[in-house]
Structures are given as structure tokens and as C-alpha cells.
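S.K.: when you get a sec, could you give me coordinates for this:
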Amino acid sequence: MMMSGGIVHQIWMGPNARPEALEAEVWRAAGGAWMLWDDVACRGMLGRGARLVFDRYLRAGLYHGAADVARYVILRELGGLYIDADATFEGMPPIGDEGEGPFLVFENEVVVPGLICNGVMYFPEAGHHFLEVLVAKIEHRLPFGDPWRLVGPQLVTETYRELMPQDVRVLPARTFLPVHHTGAAAPGTAAVYSRHGWTTTKKRVV
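M.R.: Numbering: from 1, shown residues only. Got it, this is the predicted structure:
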């Protein structure tokens, strides 16, 4: 199944070695095209406002915050599937040329009910209004602080609740995050497409 007009995007920045899960050929086969973005490539995609926030996080060594900012702009400009670089491939995700629409993914319906993660985001076409709003919020507020709250999952969740976009589904956590960073299994029996490594989160909470 090829993703029509799309790319599988992953981001990796900073001094640490790339995670073993970063399997270019596997994700390229899933999406038809694959691109790994570093800080230079990401920065080149950003407008002035987003770039200011991106640079602040980068200078502070908060690479996950910089990556949060970049992923929204990349998807807005190019479309495709964004998935965190420490995700391991388990099965063909629900993307393709059968008219599959945009989707997001819950983080864990038991541990954090209602919270939408930003480690997996699929927008088959560029220019989606949801992404436009996310980027505009970042550019207009020029936030700096806790990335999780200001440019990460909390921002995505709040924006989704504000807009309630009818064409954007939120998939069960089990599909891409079957095990939460707390060790709690995601509920349900949905197919598992990948497993998240929680690399940054685990470093932050230990």
C-alpha cells in the first residue's frame, strides 16, 4: 500500500546517536518515500515566527521541543505521515491511496484520558487547516517553556478540542503506542502498527 503524494517523515537532532529503531528501508516501504530531517533541514522549512521558537529550544538543548515545532510545519507544507524516530515498525499503517483521511492518535485512554499524542500524525495532503492553526498559535505566541505543554501534546489536544475537525480521526493508542511510558498497556484489540520508544519522555521522568 503506497501513500498517495506523501512521505514518511522522521526527525532526529542533537548529539546523541540515532535510535536503532530508525529503519529507513522499512518506513520507505510503508510510505513510498521517507525523509529524515535534521536541525538544518528543519530550520530551512520554518517561517520567521516558528524559527524563533525552534531556535530557542535548540539553543536550550530541548531538541524534542524544536522537533515539535518542525513537524507541524513539515506536514503543513508537504503532507504525509510523521512518526517519531524511536518508533519500531510492526505492520502496515492505515495509509494509502484508498482515500484514507488524516488521523491523530490518543496517548493512552486509561493513563491520560483524552490526551492526543503528537508522535504520530497523518495528513495526506499539504495545507490542512488544523496544521495551519497549530503553526499560527506557535508563531503568534512565540512560546518558550515546557515543550509538552506549549508546542507538544497539550497544544495538539487543546487545538483539536477547539476546532473539532470532522475529517481528522483520533485512532486508539494501541495502534501506535501499545505500551505507555509508565508501562501501562493501551486498552482494546486494535491492530498494532508500531511501538513507541519514549526515548525523550523516559529521560525526562527518571
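S.K.: report the separation between the spatially most central residue of the chain and G47.
M.R.: Among the residues of the chain, G119 comes closest to the average C-alpha position under C-alpha atoms, centre = their mean, at 3.3 Å. Applying C-beta to C-beta, to the nearest Å, one obtains 23 Å for the distance of G119 from G47. Just so you know, the C-beta spots here come from the backbone N, C-alpha and C atoms, and that holds for glycine as well.
S.K.: quick check: neighbours of the longest strand anywhere in the chain in the sheet, parallel or antiparallel?
M.R.: For the chain, the strand that runs over the most residues, judged by DSSP state E, is strand 112-123. Using DSSP bridges, the strands paired with strand 112-123 in its sheet are strand 80-83 (antiparallel), strand 103-108 (antiparallel).
S.K.: what residues of that strand count as buried?
M.R.: V112, I116, C117, N118, G119, V120, M121, Y122, F123 (16 or more other C-beta atoms under 10 Å).
S.K.: quick check: bridge partners of the first one?
M.R.: Which is V112. According to DSSP bridges, the partner residues bridging V112 are N108.
S.K.: before we move on, the earlier item: and the residue nearest to the residue nearest to the centre of the chain when sequence neighbours are not counted, how close does it get to V120?
M.R.: Of all residues not flanking G119 in the chain, D84 sits nearest, at 4.1 Å (C-beta to C-beta, 6 or more residues apart in numbering). Between D84 and V120 the distance, using C-beta to C-beta, works out to 7 Å.
S.K.: now swap in A87 and tell me
M.R.: A87 sits 7 Å away from V120, taking C-beta to C-beta as the criterion.
S.K.: any common contacting residues for those two?
M.R.: Between them, A87 and V120 share the neighbouring residues F176, S194, with contact defined by C-beta atoms under 8 Å, 6 or more residues apart in numbering.
S.K.: tell me the angle the helix ranked longest in the chain makes with strand 112-123.
M.R.: Counting by DSSP state H, the longest helix found in the chain is helix 63-78. Using axes from the mean of the first three to the mean of the last three C-alpha atoms, to 10 degrees, one finds that helix 63-78 and strand 112-123 are set 50 degrees apart in direction.
S.K.: ok, and what's touching helix 63-78?
M.R.: Under the contact criterion C-beta under 8 Å, 6+ apart, helix 63-78 has outside partners 6-7, 9, 11, 13-14, 37, 39, 42-43, 45-47, 50, 53-55, 57-58, 80, 82, 118, 121, 123, 126-128, 131-132, 134-135, 138, 147, 150-152, 155, 200.
S.K.: one more pass at 7 Å, please.
M.R.: With contact meaning C-beta atoms under 7 Å, 6 or more residues apart in numbering, helix 63-78 is reached by 7, 9, 11, 13-14, 37, 39, 42, 45-46, 50, 53-54, 57-58, 82, 118, 121, 123, 126-128, 131-132, 134-135, 138, 147, 151-152, 200.
S.K.: among those, name the ones in helices.
M.R.: In helices, defined here by DSSP H, the members of the contacts of helix 63-78 are 39, 42, 45, 50, 53-54, 57-58, 131-132, 134-135, 138, 147, 200.
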